[in-house]
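Got a predicted model here, sequence first, then my questions.
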Amino acid sequence: MNNKSKYISSAFLLLLSSVIVKIIGAFYKIPLTSSIGAVGRGYFSTAYNLYMPLHVIIMGAFPIALSRLISKYNALDNKLMLSSLKKASRSLFFIIGVAGTGIILIFAKPYSVFIAGAPKSVYTIFVLAPSLLFACASSAYRGYYEGFMDMKPTAVSQILEAVFKLVFGILLARASMRYFYDYYTVNGSVLGTYPKNSDEALSLIYPLTSAAAMLGVTLGTLISLAYLVVYDRINSKGSIKVSSLQGRRELLSFSLPIIISCSVQSVFQFLDTASVQYSLNRLSDNVLRASLPTVVIPDSDLSSYAYGIFSTALDFKNIIPGITMALGVCAVPALCREYEAGNKERLETLMNSVFKYTSLLACYGSIFLALFSKNILTLFYSSSPDIISGCEGLVKYFAFTVPVYCLASTAVFSVQALGKPEKSIPSYIVAGTVRIVLNVALINNERLVMYGAVISGAVGYFLLFVINFSISKRLSGVRLSIFTILLKPLFIAVSEYFAVFYLSNYINFFKNNLINLLIELVVFSTIYYILCILLKALNLKEIFCAFNFKKNGLNA
């Protein structure tokens, strides 16, 4: 089985699992927001804002480095080094996970009080912190098998994590909400505090239900780790007795530029989200209320409610980039193998395929989300009309920016696969600085408010894509077709948008929103597929080889 076919097959498996995870995630976060309200969702998102910078540094550096090194030494058939890397990664990743968890616990209160302006979110942060340790330990197993382009452990563990997060998260959120609210109605108090009315009672309950929901996330990462440990023990062929010292040195040495790159990215991502919260906190209550649906909430919770609405819109925007990231993850060992072997012709074909399919998937999701944002929101938030009203415009305009986020991610993965992750550092600084400056300038514009963050994100990630795409092209020395990668998918997307926009009035004839949405999905997908075939944007032989993965893998 050639490297390109194996890449397509591995990418297909990981894409499939990513779609399943995103669907489960929708059934998690969306009902969760209905259960704990937009205010509780604001606390939930605040916890993630502190968690994600460390998560990006750890999970974006070490698994990628491990995957690339495993791919390299597997190509060289160096079994001693493979065993050393495997042994070193387990202990090293565990130590890093413990350190990361400690950092989150130390900064939980200062961040929630002084930056987020949401002191009550500290409980949610405390509950989330241990999941970083479990995620880091899991990445040692995922990165190792990804290096062999075996995506099954990653795919299955992601699905297990999402399922248990869904089950535990929603059950704990609803159970805690029911318990505390029932206790209030009977005794008139919430944990010893006597609120004046139900709005004040909910203000006290939301931080507790948010923390209970977050416990589901932590339990999900623990279950995922347990599966990976069992998978490794079943599939391990017996390790060679070797010192982990050489593997640790190699891993740390190769990881260092990626850590620096991810650290810069993480810092600016943190400053990006912090600048959004800071800018929302600076707005007057009148301006903020004017930009939001009419709701009855205390002024003290207004900025948390606004950020909850914004985060809910982000959930939908992040679905497609989260799925296309699978192409980037699979690209690292595949591109590395061709680059190290000096197969320039194969490398060129593979790189063009990676960017092309990223672009096609991104445009597909982007246009569908833009056209049917209200239908999708209504499907999940029919009981919360304020969330539908507040998110509809944000989701629609975020949808048009989706391809930029997807392509930027793939471009960064390509640079890492070519062994020069430090080359991405200036791009993170430029893009991050632009986003922060634009956030502060545009969100404070009374006519834009949260829409300012949509613009700043699109501009920043467009710069990130352009710079890293140029770096990838220069490092690889291959010819990347702008027509195939960008112009053809863009033409298909624009044609699709206007075709379905015109047809939507004729296919939206059922009273049931779900049935209408399914019909729209079928019509939309059919038209998109036909356009891709007519314009020769899809290679069916490449797609169908994915279904022969098991057979091909045995013959590899």
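Ah, there it is. Numbers count the residues shown, from 1 in each chain.

so what pLDDT did Phe549 get?
In this model, Phe549 is scored at 38, pLDDT.

Could you do Leu442 as well?
94.

again, but for Pro31
Reported pLDDT for Pro31: 69.

for Thr324, same thing?
85.

name the element the nearest residue to it once chain neighbours are set aside belongs to?
Setting aside the residues directly before and after it, Thr324 is nearest to Cys406 in space (C-beta to C-beta, 6 or more residues apart in numbering), at 4.4 Å. Heads up, the C-betas are built off the backbone N, CA and C, glycines and all. In this assignment (DSSP states H and E), Cys406 forms part of helix 385-417.

same check, this time on Gly100
Secondary structure (DSSP H and E) places Gly100 in helix 79-110.

For that helix, which helices and strands make contact with it?
helix 3-75, helix 122-128, helix 130-147, helix 245-282 (3 or more C-beta pairs under 8 Å, 6 or more residues apart in numbering; DSSP states H and E).

quick one: Ser472 and Ser414 touch, right?
Yes: when contacts are counted by C-beta atoms under 8 Å, Ser472 is listed as touching Ser414 (4.1 Å).

residues bridging contact with these two, i.e. touching both?
Met351 (C-beta atoms under 8 Å, 6 or more residues apart in numbering).

what stretches of this structure score poorly on pLDDT?
1-9, 11, 26-27, 29-31, 34, 37-38, 238-240, 508-510, 539-556 (pLDDT under 70).

among the helices and strands packed on helix 79-110, which is nearest Phe168?
Closest of these to Phe168 is helix 3-75, at 9.9 Å (criterion: C-beta to C-beta).

could you give the angle of that closest one to helix 130-147?
Here helix 3-75 runs at an angle of 100 degrees relative to helix 130-147 (axes from the mean of the first three to the mean of the last three C-alpha atoms, to 10 degrees).

how far does helix 3-75 sit from the chain's center?
How far helix 3-75 lies from its chain's middle: 5 Å, per C-alpha atoms, centre = their mean, to the nearest Å.

just the angle between that helix and helix 245-282, please?
Using the same axes, to 10 degrees: helix 3-75 against helix 245-282 is 120 degrees.

How about the secondary structure of the closest residue in space to Val287 that isn't next to it in sequence?
Excluding its sequence neighbours, the residue lying closest to Val287 (C-beta to C-beta, 6+ apart) is Glu446, at 5.3 Å. When classified by DSSP: H, G, I helix; E, B strand; the rest coil, Glu446 comes out as coil.

circling back: pull out the buried positions in the helix holding Cys406.
The neighbour-count check on helix 385-417 (16 or more other C-beta atoms under 10 Å) flags 386-392, 394-417 as buried.

Stretch 429-441 now?
Ala431, Gly432, Val434, Arg435, Ile436, Leu438, Asn439, Val440.

Help me confirm that the last one is found in a helix?
I take that to be Val440. Yes: applying three-state DSSP, one finds Val440 inside a helix.

residues of stretch 322-329 that come out buried?
Gly322, Ile323, Thr324, Met325, Ala326, Leu327, Gly328, Val329.

now, among those residues, which is nearest to Asn468?
Closest to Asn468, out of all of the buried residues of stretch 322-329 and judged by C-beta to C-beta, is Gly328, at 11.1 Å.

Excluding chain neighbours, give the residue nearest to the residue nearest the centre of the chain in space.
Centroid-nearest residue in the chain, with C-alpha atoms, centre = their mean: Gly322, separated by 4.3 Å. In this structure, Gly322 finds its nearest non-sequential neighbour in Lys22, 5.7 Å apart by C-beta to C-beta, 6+ apart.

my guess is that neighbour meets Ile323, correct?
Yes: the criterion here is C-beta under 8 Å, and Lys22 meets it with Ile323 at 5.9 Å.

now the nearest residue in space to Pro321 that is not next to it in sequence: how far from Phe62?
Leaving aside its chain neighbours, Pro321 sits nearest to Tyr405 (4.4 Å; criterion: C-beta to C-beta, 6+ apart). In this view, Tyr405 and Phe62 are 23 Å apart by C-beta to C-beta, to the nearest Å.

Kindly report the same for Thr154.
14 Å.

can you tell me which residues contact Val276?
Counted by C-beta under 8 Å, 6+ apart, Val276 has contacts Tyr307, Phe310, Asn439, Ile443, Ala453.

Over to Glu340?
Here Glu340 is in contact with Lys72, Ala75 (C-beta under 8 Å, 6+ apart).

Is it within a helix or a strand, and which one?
helix 319-341.

Give me the buried stretch members for the helix holding Gly100, please.
Buried, per 16+ other C-beta under 10 Å, within helix 79-110: 81-89, 92-93, 96-97, 100-101, 104, 108.

ditto for stretch 243-252
Those would be Ser244, Gly247, Arg248, Glu250, Leu251, for stretch 243-252 by 16+ other C-beta under 10 Å.

chain center to it: distance?
Using C-alpha atoms, centre = their mean, the offset of stretch 243-252 from its chain centre is 30 Å.

I'd like the numbering to begin with 140 instead of 1 from here.
Happy to do that; since the first residue is 140 now, the last one works out to stretch 382-391.

Show me which of the buried residues of stretch 461-468 is closest to Leu474.
Gly467 (9.9 Å).

Run through the residues that contact the closest one.
Contacts of Gly467 by C-beta under 8 Å, 6+ apart are Val493, Thr497, Ser548, Thr549, Val551, Phe552, Ser553.
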